[in-house]
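Q: structure here, sequence nowhere to be found:
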């Protein structure tokens, strides 16, 4: 392939132009990435000029540069937050030692696995979302979808950079594999199940960006504490971008709720059938989508008891959410944590060693954060004067990972028989007819300033642009 | 921004109605002026110098809010933490006459209680997934060269090594016994076994039955280029029910000395064989002396890797024992490079630790195993106590199902393509 002008084509703060080994690795990988983007990136969008935010440096002024860009020309850069001088490891067995600037041999396999797992989610969500552009509810939303997509792409670059730079041939092979797997493909699926679920409609997309990208926030926060300094710094920068993805989800659902409440008040009804006839998403359907995405996402945190989590923590690979703000000894030996366990068909609370329960600790932090956002959605309903509340389901509801996966549990936390579950599952999870209805709402709206009937316009535009700004130019 | 004459300041505030609590502002603020609780992100007016660093990273625009306030009446952090929405701007008149803002209590969502009912139990037959064919790339195995129905009933081997491979001081000792066949042929492959004929007769005066042991060494010998094999033998002092029994063959073997002669039959086994094509992956799941074939395969791959002529696939080992002290080859295993073999131990009786079985550890590694289950170049070997077989295969089933694979189809494929091998006792 032709040579790359590294500072222009791949903006970076890792001195890429001076690192020949890394250049060679990226030169091999980059054309494959572009061909992946052409195959698996947003459908039919290669020629659009999109009003995108591109990071050109990591300082507050440089990282949010807005301009029209064709997505394949987006400059997927490699950015690490600035190094902290003499950073010390602040948790685990190596607490107090200098943070690692290279991969310690004994943690090589685990670190590689962590990075590959994180990296695998990034292209996966682009694959999951590739058809959504064809059914966008507005130009504003279309632009947000594309922004999310290119940033997921950049997050893949961030992980591939680490693999190429620090893991030699294994890393290069893993980086290639990241472009080989496909979301939902039976014989070569993405590593984590939530990233193999389809994202068929915009309601699913908003739920995904609210719940599943929030998982990304918590995983990245835990990695941002890592003793492996390049991983910590990479994750920190990714977090600033991840924020936009959660915003898309939270504000998207909020706008759907707002529109539904408006129609409920206009028609003076809460009858789902009438609301569906009026072309909006009734709140019970919204609740079922919420139940689905919440439960699928909390599975991503892994088993409730995990020696890997303990090993990752004690060896300093992965900290807790806001590790630095916690006031315990940051080693956690001898401490316990209460987890929910399936025990002969019952749910029981059990104290287990804190170190083994760190997945659960992170999951609980995540749940708290998710619930806070759901409460903000409830405020929209409350403001409209409607007596309905959205709720996150019980932690054991619809779980496929961890000991609770052996039980069928209602959203209230009641353990059910298979028969009871089967009889009532359509009350709790989106049924085929729910999905068909939501699907039926999906028609493309791309006139500037116009919005599909089922969603309200946003409060403010992107980069303080007006809502009717031409966010996407179709060529 | 400050009007000292009037005692007014421009106070930076975050709109709680729009803020999504993404933390970019707090992460960016160079002064630590931004903080949060479970409800709101807020700016401390005493610390904020209006540098604007937090504004570009905010994805929502909620960060970009300002109020002109009497300095003495600036909204406190506590007050802001209680807000549901931004307070209205003060009018010019009101700015003159200050008044306070009150906090609102926060509330935590309550978790619903759990009630119990019985769960259902499914029938599951792990053996139906056991392959009877070897991997397509396995080497040809010689079987039954020596035995009662063969031209030569047994072959005599010389003991050239007998070392204990578990720590001294535990209830059980496991021995690594090396047998040399001199110039007589006994070609073996990793995963095969041989039979040992203990000398003497049983209580009824009949010769003892042959006892089968998996070979623990690779095809070119325990010592490369020599006509020898090694076995992993655990001294049996009680039966499966815990009653005291002295294993005839295991005690005979463990007590052998270098130079002793042993009668051997075999080799046996034509399906529990390793793949030989480059980049084929091997997942090994074992307990105790079930580690013997795994040691053989691992060592062969290690030798191939060292030769530089073979492009190695992934090796993943799940090894269960009651404790680290009872685990054979623990020391040598932990010395293998981590990028060569991915080792996962499960100890069921480590004091102060929860019981962990191989299938528990497999479930933790579901993400990696799912990828391998989906890969036709990955082969699965299970060897050890019968009791673990079902749990292991169930774990594989669950991992496959959770990864969106159809187990019925996959299980049949694993058997048909010689990808899942169970050898338990």
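A: That came through fine. Predicted model only: the values in this text are computed from it and were never measured.

Q: what's around whichever residue of the stretch 251-400 of chain A sits closest to chain B, how many residues?
A: Among residues of the stretch 251-400 of chain A, the one nearest chain B by CB to the nearest CB turns out to be residue A:346. It sits 3.2 Å away. Quick note: C-beta positions are derived from backbone N, CA and C, even for glycine. One way to gauge burial is a neighbour count; for residue A:346, by other CB atoms under 10 Å in any protein chain shown, it gives 15.

Q: go ahead and confirm it touches residue A:416.
A: No: the pair formed by residue A:346 and residue A:416 falls short of the contact definition of CB atoms under 8 Å, at 12.0 Å.

Q: give the next helix or strand downstream of the strand or helix carrying residue B:230.
A: Following DSSP states H and E, one finds residue B:230 within strand B:228-234. Per DSSP H and E, the first helix or strand lying C-terminal to strand B:228-234 is helix B:248-254.

Q: what is the mean pLDDT for that following helix?
A: Averaging the model's pLDDT scores along helix B:248-254 yields 91.

Q: give me the buried stretch members for that helix, please.
A: Under the neighbour-count criterion of 16 or more other CB atoms under 10 Å in any protein chain shown, helix B:248-254 has B:248, B:249, B:250, B:252, B:253, B:254 buried.

Q: for the fourth one, what are its contacts?
A: So that's residue B:252. Residue B:252 is in contact with B:196, B:198, B:199, counting by CB atoms under 8 Å, 6 or more residues apart in numbering or on different chains.

Q: if we can go back for a sec, so what's the backbone phi/psi at the residue of the stretch 251-400 of chain A closest to chain B?
A: In terms of degrees, to the nearest 10, the main-chain angles of residue A:346 are phi -120, psi 160.

Q: residue B:398 now?
A: For residue B:398, the backbone dihedrals (degrees, to the nearest 10) come out as phi -70, psi -40.

Q: what number of residues lie near it?
A: Considering only other CB under 10 Å, residue B:398 is surrounded by 19 other residues.

Q: and residue B:261, by the same measure?
A: The criterion is other CB under 10 Å. On that basis, residue B:261 has 12 neighbouring residues.

Q: now do the SS call for the residue in the stretch 151-300 of chain A positioned nearest to chain B.
A: Residue nearest to chain B within the stretch 151-300 of chain A: residue A:243 (3.2 Å; CB to the nearest CB). Secondary structure, DSSP: H, G, I helix; E, B strand; the rest coil: residue A:243 is helix.

Q: I'd say it and residue B:21 touch.
A: No: taking CB under 8 Å as the definition, residue A:243 is not a contact partner of residue B:21, at 9.2 Å.

Q: flag the shaky bits of the stretch 1-150 of chain A, pLDDT-wise.
A: In the predicted model, the stretch 1-150 of chain A carries pLDDT under 70 at residues A:1-7.

Q: interface residues of it facing chain B?
A: Contacts of the stretch 1-150 of chain A with chain B, taken as CB under 8 Å from any CB of the partner chain, map to A:60, A:61, A:63, A:64, A:105, A:106, A:108, A:109, A:113, A:117.

Q: farthest pair within these?
A: Of all pairs drawn from these, the one with the largest separation by CB to CB is A:61 and A:106; the distance is 40.7 Å.

Q: how close does residue A:98 sit to residue A:89?
A: With the distance defined as CB to CB, to the nearest Å, residue A:98 ends up 7 Å from residue A:89.

Q: okay, these two: which has more neighbours?
A: A count of neighbours by other CB under 10 Å puts residue A:89 above the other of residue A:98 and residue A:89, at 21 against 12.

Q: tell me how far that one lies from chain B.
A: According to CB to the nearest CB, to the nearest Å, residue A:89 stands 20 Å off from chain B.

Q: ok, now which ones touch that residue?
A: For residue A:89, the set of contacting residues under the criterion of CB under 8 Å, 6+ apart consists of A:95, A:96, A:97, A:98, A:99, A:100, A:227, A:316.

Q: filter those residues to the buried ones?
A: Taking 16+ other CB under 10 Å as the criterion, what is buried in the contacts of residue A:89 is A:99, A:100, A:227, A:316.

Q: hang on, the third one packs against residue A:313?
A: If I follow you right, that is residue A:227. No: contact between residue A:227 and residue A:313 fails when scored by CB under 8 Å: they sit 10.5 Å apart.

Q: spit out the residues that contact these two alike.
A: Shared contacts of residue A:227 and residue A:313, defined by CB under 8 Å, 6+ apart, comprise residue A:92.

Q: just to revisit the earlier point, what residues are bridge-paired with the residue of the stretch 251-400 of chain A closest to chain B?
A: According to DSSP bridges, the residues that bridge with residue A:346 are residue A:343.
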